Structure formats: structure tokens, C-alpha cells
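Colleague: what shape does this take:
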Amino acid sequence: SLEMLSCRRRMPGHFSPLSFALGALAAVLALHLAGPAAPGSSASPFKDTQGQLSFVRRAREEHLPANHVPRDQLLASVPPPSAPVRVCLVTNSISGPTTSGGIGAAFGALAHNLAARRGPRGERLFNVTILYTAHPFYAHGSEESWQHAYAAKDIEFHALPEVSIEYYGPRLLVRAYRVFEHLLRADGRYDAIVYADFMGTGYFLASAKRLGIAFANTALVVHCHSTSRWTDELNLRPPRNHNTLAYYHMEERSVEWADMQVSPSAYYLRWLGSRLAFDTNPAAISTVIENTLNPVPEPPVPHNVEIEGLCFFGRLEARKGLFVFLDALDALLTAKNSEFPQRLAFLGPDTRIEGVLASQTIAARALEGAWPVTPSVITDMSTDQALQYIRAFQCGAVVPSLGDNSPYVIVELAVKGLPFIASSTGGVPELLEPAYATQLVPPGDSVALSEQMIHAMRHGITTARLANSPARSVDLHARALQYAAGNARFVRATPPAQAMRVAVGISSFNRAALLERAVDSVIAQSYSHALIHVIIVDDASTSTDVPAVLRRAGEKLVQSGLSHEIITLPSHQFIGKVRNLLLERARAAGVEYICLLDDDDVALPGMMATYVRAATATRADLLTDMSDNYLFQPEHGERTLFRRSLSVGNAFAHNFFVNNYGKANFFVRPDAALAVGGHDEDVSPYVDWSFFSRASMAGLRLELVPLPLYEYTVNTTRSIFYSMRSREARYKGHAKMLADMKEVLPSNFHDILSVCRFKLGFPHVEGNGN
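Modeller: Sure thing, here's the model as predicted:
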């Protein structure tokens, strides 16, 4: 994978310029040279699986993260809670409302098992809430029906509420932000919030806690199931588009920034630990606890089961070993003294592989190989239905996965005493007793798989026993949450905002009324006026209204106790030069940070106080935020709120394609900004985008405050973003950013990067998460 070119992060927010540039180039090459994956595609049908297998082998050879604590050591003496632990499980998949296994099964079983826990006097040990984030999707039932069903089990079921506001951002980013907003309103209600790594749902929750903004007394626990990068690499699948790169960032930071990382396998924790900076949150602890089942079964005694057929059991995709199984079936027909199963079935959700449905690929292979049995391909069964099918038709389940974390199908087959053949990939050997683990088939070896299938058809299959009992897994999960809840280790006390002297720099040109409104919003700041220095630079306005507004602004600032300086330039300059002057004046004034504001912006009252709090918590070089966007109607002189514009933060590879770092009213150390060259002063668009990109490549520590701290007015006169859209302007904007990137890349990459970069059109992020 070309992603291997990029160097993993070592310090939070600090990267070498070369690692950044190569990481971005890797993403570009994957997207533009390898070509985009078809929508919904799963993998390339390569018979050569060595890429996937070497990927798995590398993960096995890597070490556990430095913050790993063995679960028995960690949970040896967890005191009983004085009150029920209040737990919120945040998930887009849950047994009942959705039919899929994996995360849905894990979170469903965890919810039921925690709610059923009782103390020695029959008292509740957990108050469990499910926040279902995939609403309004329900495979079965409705929100109301599931609220009643879960309430009968002492579980609160909440669907993520619908909202009236429109959001601007990629789909999963919008979902994660809606989760954050919902739980922010309930801050303090839960002792622990549990989310999965997949889809990055916990990204803004973890970000807000590390910035000292929210969730100070709530433990954030991530259950590590499968990141999109892990799945894509195993499927030999490139990122689908630039938003996929944002999702990689969200998922990985939501793991790094969590208080506790719980993985069902040591294999997957090693894989994460080799790629992520687990020391980003110095208080964090990682451990391994297997997934749970509900109801909790009694492990059956291993016994031999004769079979009449074989069933491929799992999602119909390359990563699950579909092509290995198809090759093994073909091998049965060519092997001497072999036999073919009397019944053959494929049980699992269908996928597209290079644009073709897997079910169609199976039919084609059956026809091509002249199989003596017509296979049944059943793609809409629930897990329970599939297990009943395997038992009813006396099949041996085949799970030849090329890469898996801790597959639920293995656990469910084992606890139900059903016969199966599996590969020794990923975390599978950890699930089973050592005696059975030695019987697993090497992943990707179709010959070994066919031999095991022949043996099974002739001699039957001995059922397996789990290495750890399901009841013990339930107990470990419960104790882990009791440990996390209220643990002083995970309390992130909001740091008192330091008496930090800061500046607000306002740039203005020919917008007198808007300038006065911007100044008024600075005067309304809740942060101590004695610590704010205001700098206004008028870019040689020609409007006759401007001098009077500047005089009034000075008078208002004096009356409000705000020190200030007002500069009128002798000739008109471009915004890049004006902003650099603001940075220079801020450095001369000796402030620690300056917040840059355009004259058509309106600062919300808590903007400076919030920035100072986040800067105190992180010591960032640059902080940016989100915005509430208003439409300006010149004919009426009115503004109308129409959407909340979201940001991703310092996701460099994603931001290569679109400026999603944050907003233009960023909060930056003047000396750090000037040290990386400040803003480009040539007349071209992408002023802030190019500055953010250069700051990121230079290794400045960039942080995103996940709150709208100001109101941005769309379509105002002389707005650079809306006025400089010509082909020539876009060319100049991209060219200046390429010049920065080429400074840190070997020369033989320059033309490649140019070809990829100039394929970009007008930068775009989907509106309202679509």
C-alpha cells in the first residue's frame, strides 16, 4: 500500500515536513493513479493474496502499545461502585434495530449484560443508555418499538435526534458532530461513554475533552473493532475519495485521544499501536477483553460432528476469504479420490467486487468449474438464522478469512457447538483453546483448506472451545467500566484560563457598517478586556463612511477598556499582506496569540475565552474552529442563518484536496505564524488554505475547537472565496500551494504532484453530510 510511505505520528500534532508531504502524495497516488473504487466495491478479486497476508503477518510481529496493561493486572482490585455506573453506548449498529453482526452484536450484548448486572443486595450496578446514531434507519421495527423493547430490559434507547439546521461537511463528520452536540447538552450525565473506532463517531467527543471544553468527568472508552484504513488495506482497496482520508483521521484520533482503548484481540491492538500515537493521551490505558454474548451461554463439551455439506459463513468479500474458498472448491474437483459436498451454501451479505456482485461471481465460478452441486447463495439472513441453517442442514461452516480482528462468527459457532473450519488469521487463534488453534488453516492457502474440507467430509469436525469463557468476558467488561467511571486518572479538569495577553486583528476594506459590527462583537467578549489588544488595519478604503467608523471604533474601544491600534494603509494591498501586518503588530505588542477576524465576521461572546482555554490545555501553535454561516441579502440588508460549517482539523491528506482544516478566524502564535512565512501575499485565492497547509507541513501544532465561535457571512461583496473562481485564479491558488509542497519533496515527484493537484476543480465538501 502506498500509505506505507507516510511516517506515523510520534508526538501529538508534530510531523516532519517530509512525512506530511509523502503522506499526502501517497493519498494522491492512491486516488488518482490507482483509480477510485466503484461505489460499494469490496476488493479486487486477486487470487494472489500475499499483500493481505503480509499485512497480517506484520501486525503479528509488532508490539503492544506502551500503555497496554494486562487486564488481570488492571482489573484485579476494582472496588464496587457506590452508585450505579451511568454508561452511554454510542453506536450506529445494534442488535435488533440492525441485522449486522460485529459491532452491532458487540454493543447489543454489552448493553444487555451490563443492564442485567446486580450487586449482592440485588441493586443495579449499571444504568445503561444506548444512543443509536443510524436513526432513522431501522432494519426492523421503529424508534418507539425499540424504546419499549429495551426499556423492558432496563435499558434506555435514544435515537440521535433529528435537527433543523443544515450542516456542511462529509457524511460521517456530520454524524460525529451531531453526536457531540447531543452529548454536550447532556455533559455530566454519564460516568462513561463508549464508542467504536469505526466511522470515527467519538472524534469530537475526544477532541472536546482533550481541549478542556467538555466531558471532564466522563471516561471516554473506545472499543477497537475495525478502522476503515485496516479494512481497506486488507481488501487491497484504495481510499474511495478524499472524504475517506478524513474518516481515517477521525477514526485514528478517536482511538488515540480516548481514555481507555479496549480491543477484543491483542493482534488488532498491536496493529493500532504500530500506527498510532498511543502516548497522545498520557493518562490513557489499553487492554484486551473479548467481545461478549447475550444471553451468556454455557460452553458445550467438544464433540465430533458428521457433516453433509459446507457453508461459506461471512460477508461475501475478498477479506473474508471468498476467493480462497472458491479456489478450494475447484481444487476438490481436481484432487485424486476427492469428493464434493452434497450441499453447498454461501451465507453472508452480498458486496460488489470491482463493480460485480459477489453472488454473480459465485454463480460464474460454479458454471465455469462445472460444480456438481448448485450452490445456495443467501444474503439476507440474520446471524441467528444462519446458525440455524448450519445446524438444520448439517453443514460445516467455513470461515477462511484473510484478516480478522476477533470475529463474532467464530465465537457464536463455538458456543453453539457447531462445526467449523477457520483460518489462523488475525485474532482468531487467541479466541480458541490452544489444542484447537493448532488445527486452523493457514490464511490464503486454498490447497490446505481443500484438504481440511476433504477430511471434514470424511471424518467429521470436532467442535471448538473458547479460550476465555463468555461469562468471564462479561465480568471483565463490567469491571473495566467500573474502573474507568470516576477514576481520577481519567478526570480532565478544565484548566483555568491563564491570564494570557492576546490580540484580535481585524482586516477591513470599504465595508464600514460591517466593520463596526465586528468591532462591537469584540467589545462583547467575555474574556478580560484588560488582556485583549485590538489591531485594526484598514486596507486603504475609498468609502467615505470608513473614517467616521474608525473614529467611533477607537472611542468605543477606549470606553470598553480595550487597548488598541488603528492603521490605515496608504495604498490598497491584498489580504495576505494585511494579515501579515496584523501578525507583525501582534508580535511587536508582545501578545501570546492573535485571533484574525475579517470585517464581515461576528465573534460570538465566548470566542476568546474558549480559544484561551483550549490553548492553555494543549499549548497549540494554532487553533481554529467552526462557524455558523449566514446568507447576506443586500437588497434587504439582512442575514439569515442557513447552515453550520464543520471542519476536520489537521487531517493533512484530506486537506490536500479541500480546505477542511478550519476557519479563517484562527487563533495563532504570531511568532510561529511568521516563522513559517505567514500568508502568501500574491493575488490569488486559497489564502488560508495555503497558510494552514504550510503550517501543517512545518510541524506546527494545529488544534481544532469543535465549536462555532463566530458567525460568517456568505456572499458578501469582495469575498475572495466567491469572487476568485476563474480558471486562472484557481491555477494560481493551486500553484502557490504546490510550490510549498515541492520544497519538501524530491524533485522527481514534482511533476507527478502537479498532475494530481491540477485535477482538482473548485474545492468542495458535501453539504449536510451527503
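Colleague: relative to its centroid, which residue of the chain is most remote?
Modeller: Centroid-distance maximum for the chain: Asn337 at 51.3 Å, with Cα atoms, centre = their mean.
Colleague: tell me the secondary structure at it.
Modeller: For Asn337, the secondary-structure state derived from DSSP: H, G, I helix; E, B strand; the rest coil is coil.
Colleague: ok, now how distant is it from Asn629?
Modeller: Shown here: Asn337 relative to Asn629, a distance of 72 Å by Cβ to Cβ, to the nearest Å. Just so you know, the C-beta spots here come from the backbone N, C-alpha and C atoms, and that holds for glycine as well.
Colleague: just Leu476 next, same as before
Modeller: Distance of Leu476 to Asn629, computed by Cβ to Cβ: 47 Å.
Colleague: go on, Val502?
Modeller: Counting by Cβ to Cβ, the separation of Val502 from Asn629 is 25 Å.
Colleague: count of residues packed around Ser226?
Modeller: Close neighbours of Ser226, defined as other Cβ atoms under 10 Å, add up to 20.
Colleague: that one against Asn405, yeah?
Modeller: Yes: in this structure, Ser226 is within contact of Asn405 by Cβ atoms under 8 Å, at 5.9 Å.
Colleague: quickly list what's touching both of those two.
Modeller: With contacts defined as Cβ atoms under 8 Å, 6 or more residues apart in numbering, the residues adjacent to both Ser226 and Asn405 are Tyr268.
Colleague: I'd like to know how many residues surround the closest residue in space to Leu211 that isn't next to it in sequence.
Modeller: Nearest non-adjacent residue to Leu211, counting by Cβ to Cβ, 6 or more residues apart in numbering: Ala614, 4.3 Å away. If you count neighbours by other Cβ under 10 Å, Ala614 ends up with 27.
Colleague: list the contacts of Ala614.
Modeller: 211-213, 620, 623, 703, 705.
Colleague: if you set the cut-off to 6 Å instead, what comes out?
Modeller: The neighbourhood of Ala614, defined by Cβ atoms under 6 Å, 6 or more residues apart in numbering, consists of 211, 623, 705.
Colleague: among those, name the ones in strands.
Modeller: Among the contacts of Ala614, DSSP state E puts 623, 705 in strands.
Colleague: could I get the contacts of Ala614 as CSV with distance to Asn659 and pLDDT?
Modeller: Output for these, formatted as CSV (distance: Cβ to Cβ, whole Å; pLDDT from 0 to 100):
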residue, distance to Asn659, pLDDT
Leu211, 21, 96
Leu623, 16, 98
Val705, 17, 98
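Colleague: which of the contacts of Ala614 lies closest to Ala471?
Modeller: If you rank these by distance to Ala471 using Cβ to Cβ, Leu211 comes first, at 39.8 Å.
Colleague: measure that closest one to Ala422 for me?
Modeller: Leu211 is 44 Å from Ala422, by Cβ to Cβ.
Colleague: these two - which one has more neighbours?
Modeller: Ala422 (31 against 27).
Colleague: after the helix or strand where the more buried one lies, next one along is what?
Modeller: Using DSSP states H and E, Ala422 sits within strand 420-422. Once the chain leaves strand 420-422, the next helix or strand it forms, by DSSP H and E, is helix 428-431.
Colleague: now do the strands in the stretch 101-250 of the chain.
Modeller: For the stretch 101-250 of the chain, the strands defined by DSSP state E, counting those that start in this stretch occupy 126-132, 155-159, 167-168, 192-196, 219-223.
Colleague: any chance of CSV for those strands, columns distance to Thr544, mean neighbour count and mean pLDDT?
Modeller: Formatted as CSV, those follow (distance: least, Cβ to Cβ, whole Å; neighbours: other Cβ atoms under 10 Å; pLDDT from 0 to 100):
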stretch, distance to Thr544, mean neighbour count, mean pLDDT
strand 126-132, 56, 24, 98
strand 155-159, 56, 20, 98
strand 167-168, 37, 22, 94
strand 192-196, 56, 28, 98
strand 219-223, 56, 27, 98
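Colleague: for Ile594, which of those strands is the nearest?
Modeller: Nearest of these (Cβ to Cβ): strand 167-168, 26.2 Å.
Colleague: what packs against the closest one?
Modeller: Under the contact criterion of 3 or more Cβ pairs under 6 Å, 6 or more residues apart in numbering; DSSP states H and E, strand 167-168 touches strand 638-645.
Colleague: now the strand it packs on: average pLDDT?
Modeller: Strand 638-645 shows a mean pLDDT of 87 in the predicted model.
Colleague: quick one: pLDDT of the spatially closest residue to Ala664 that is not a sequence neighbour?
Modeller: Residue nearest to Ala664 in three dimensions, not counting chain neighbours: Asp688, with 4.7 Å by Cβ to Cβ, 6+ apart. We have a pLDDT of 94 for Asp688.
Colleague: count of residues packed around Asp688?
Modeller: Residues lying near Asp688 (other Cβ under 10 Å) number 23.
Colleague: hang on, it packs against Gly662?
Modeller: No: in this structure, Asp688 is not within contact of Gly662 by Cβ atoms under 6 Å, at 8.5 Å.
Colleague: and the strands in the stretch 551-700 of the chain, which stretches?
Modeller: Under DSSP E, counting those that start in this stretch, the stretch 551-700 of the chain gives strands at 563-568, 593-598, 602-603, 622-633, 638-645, 667-668.
Colleague: Ile362: which of those is closest?
Modeller: Here strand 638-645 is closest among the strands of the stretch 551-700 of the chain (Cβ to Cβ), at 44.8 Å.
Colleague: mind listing what's buried in the closest one?
Modeller: Buried residues in strand 638-645, counting neighbours by 16 or more other Cβ atoms under 10 Å, are found at 639, 643-645.
Colleague: now do stretch 391-404
Modeller: Buried residues in stretch 391-404 (16+ other Cβ under 10 Å): 395-404.
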